[in-house]
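Chemist: Dropping a prediction and its sequence here:
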Amino acid sequence: MPLTCAGIRACAALALATNAAVAIAQSAPINAAQAVPGTGIDAAAPGSPTGAQAGTGRNWLLVPSIDALFTFTDNVNLTSSDRKSDFVTQLTPALRFSEKTAHTKFEGSIQAPILLYARTGDQNNTVQPIADVRGVAELVERRFFVETVLDVSQQYFSPFGPQPADLASATSNRYTAQSYRVSPVLKGDGSGGLSYQVRDDNIWADQSNTSFAAQRSYTNELNGKLTQEARPVGWQLEYDRADTKFTDLAALRSEIERASALFRQDTTLEWSLDAGYETNNYAGPSNSAAIYGIGVRWRPTDRTTAEANYEHRFFGGSYHLTLDHRTPLTVWSLRASRDITTYPQQLAALTAGEDVSGLLNRLFASRLTDPAQRQTFVDQFIRERGLPTVLAGPLALFSEQVTLQQIVEARVGLIGARNSVFGTVYRSRSEAVSNSETVLSDLLLAQQNNTQTGGNVVWTQRLTPLYTLSTRLDYTRTVENGAGADRARQLVLTTSVSAPLSPFTRAMIGARWQRLWSNVGNDYREAAAFVGLNHVFR
């Protein structure tokens, strides 16, 4: 039975990241900490690998772990006919790590899920790598930095096809997306509140293990700002140019020059007015137009932040809205935007997206100020509560064009001593920018011009001091925009009970049911039962 790794570059990057993490994180000391009120969990249990290496000014975090998941499914390939049952073994070695000095910061997580199928191994055995590794180095003190990001994720090509909640379900709709970013940043401060920043983002994107023809891409986005701080009046000059080049295709280019007036009303509220000019060439006739807009930033307390801006662009209104709020035991997040984007930019944005770990880090930021200690606690909290690492969201749609995307996402997390609830709802409307000369097939037209709505909710309850019940419901709906009739709906229900076998080992048992209704592909339904073990090496 062949066992393949989805993408040689992805596997090589994972191996290099693993070796680097092990090299920097040797000899991690032990540090115990207080319990966090309202959670019933210690911030760092005895043996937690957090702290600072004495005499070096260097902070370390190294948390290796391994998962074993055994699944029996009655429809392994998610088909409506010729259904095949199978027993799937999934082994996932994983490593979370971080390193921090006065001038460097390196952190991330890598996983290498190995999937072995008892009956369909010849067609399904595989390795599905997942990685999120990022670092920054201060090469010239307070002046010149270099940021790097490696992201390897499992994505789905079509929102009308299967989007199973786990890797055990085999589908040709899944592929491995790889994104690599290197960003030199030059910045500095002058007298009287004057500052400058020049940032050059270089993004390489690739796809492997695909059922569709895909090309590699390179995106370069250069952004420069010269800002006079509002005291109470200020100004900003900005230049932004983005070029995206897919193999064998003409480059897609956008260029904007913008001037802004800044007004600080008080310490919590700041306004801006901007005007400028843009030029765009998206593999078709270029267009140029004036732009103008307004923005506001409001931070009434350290627990609440809101930021919004609106700008008139060649495609109409462009806006971005973010709202974050937290209380001692709740965290709330709202994101809304309408703007043009490309597939590589969507992948790069995923690495900065907010998952359950990000929500919990914000929630506990005021009670656990040390980032390494807080991350260790968050990881422990996620394991003990049976929480997912990522909440549902719209797919990053593969396209070799520029896309106009309108997204609204809301997320919430509620925690208590025994119960926790995390949920998200979203709506994403995407359409290809109209001035492209690329001729689209009916399949790609529906793929790029559709509206995705959906969400999920995860409820966990500590039944006893040992046993935790976790229930998750996911729902997605995709409809082709315009007169098209393509549509799909998917529902996934998963429940499990977990308990510790030792301070660093947990076991779980559960069941899953999922159903897809689609007039594009085949409908299917699947039921599965699973047992699993997780061990953290301390």
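Modeler: Arrived safely. Residues are numbered from 1 along each chain as shown.
Chemist: Bridging across strands, which residues link to L516?
Modeler: Per DSSP bridges, the residues bridged to L516 are Q490, Y524.
Chemist: repeat for K245
Modeler: Note on K245: beta-bridge partners by DSSP bridges are Y218.
Chemist: Enumerate every residue touching it.
Modeler: For K245, the contacting residues are 217-219, 251-252, by CB atoms under 8 Å, 6 or more residues apart in numbering. Glycine gets a C-beta too; all of them are placed from N, C-alpha and C.
Chemist: Now list the buried members of the residues you listed.
Modeler: Buried subset of the contacts of K245 (neighbour count, 16 or more other CB atoms under 10 Å): 217-219, 252.
Chemist: In contact with I130, which residues are there?
Modeler: 110-113, 152-154.
Chemist: which among these gets closest to E141?
Modeler: Nearest to E141 among those: I110, at 30.4 Å, using CB to CB.
Chemist: mind checking the SS state of the closest one?
Modeler: Here I110 is recorded as strand under DSSP: H, G, I helix; E, B strand; the rest coil.
Chemist: Near it, how many other residues are there?
Modeler: The local packing of I110 (other CB atoms under 10 Å) involves 23 other residues.
Chemist: What is the neighbour count of the closest residue to it other than its chain neighbours?
Modeler: Excluding its sequence neighbours, the residue lying closest to I110 (CB to CB, 6 or more residues apart in numbering) is A131, at 4.4 Å. A131 has 21 neighbours, counted by other CB under 10 Å.
Chemist: Spell out the residue ranges of the strands in the stretch 201-350 of the chain.
Modeler: Here the stretch 201-350 of the chain has its strands, by DSSP state E, counting those that start in this stretch, at 217-228, 233-246, 252-266, 269-282, 287-301, 304-313, 316-327, 330-341.
Chemist: first vs last residue of stretch 207-222, how far apart are they?
Modeler: 24 Å (CA to CA, to the nearest Å).
Chemist: ok, the contacts of K245 vs H325, which is closest?
Modeler: T219 (33.0 Å).
Chemist: How about the contacts made by the closest one?
Modeler: Counting by CB under 8 Å, 6+ apart, the residues that T219 touches are 201-203, 205, 242-245, 342, 344-345, 348.
Chemist: With F537 instead?
Modeler: The contact partners of F537, taken as CB under 8 Å, 6+ apart, are 63-66, 504.
Chemist: Buried among those residues? Need that as a selection in PyMOL.
Modeler: Buried residues within the contacts of F537, by 16+ other CB under 10 Å, are selected in PyMOL with:
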select buried, resi 63+64+65+504
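Chemist: So which of the contacts of F537 are in strands?
Modeler: 63-66 (DSSP state E).
Chemist: remind me which residues of the chain are low pLDDT?
Modeler: Along the chain, segments meeting pLDDT under 70 span 1-58, 213, 283-285, 350-354, 434-446, 484.
Chemist: Tabulate the ones in strands among the contacts of F537 (a markdown table), appending distance to Q197.
Modeler: Shown next, in a markdown table, are the ones in strands among the contacts of F537 (distance: CB to CB, whole Å):
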| residue | distance to Q197 |
| --- | --- |
| V63 | 34 |
| P64 | 37 |
| S65 | 38 |
| I66 | 42 |
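Chemist: secondary structure element for the closest residue to W204 other than its chain neighbours?
Modeler: Nearest non-adjacent residue to W204, counting by CB to CB, 6+ apart: Y180, 4.6 Å away. Counting by DSSP states H and E, the element that carries Y180 is strand 174-189.
Chemist: what's that strand packed up against?
Modeler: Counting contacts by 3 or more CB pairs under 8 Å, 6 or more residues apart in numbering; DSSP states H and E, strand 174-189 packs against helix 8-24, strand 144-156, strand 194-208, helix 343-351.
Chemist: got the buried residues for that strand?
Modeler: Quick answer for strand 174-189 (16+ other CB under 10 Å): 174-181, 183, 185.
Chemist: Repeat that for stretch 492-512.
Modeler: By 16+ other CB under 10 Å, the buried positions in stretch 492-512 come out as 492, 494-496, 498, 500, 504, 506-508, 510, 512.
Chemist: Nearest to S211, out of those residues: which one, please.
Modeler: For the buried residues of stretch 492-512, the nearest to S211 is V492 (21.4 Å; CB to CB).
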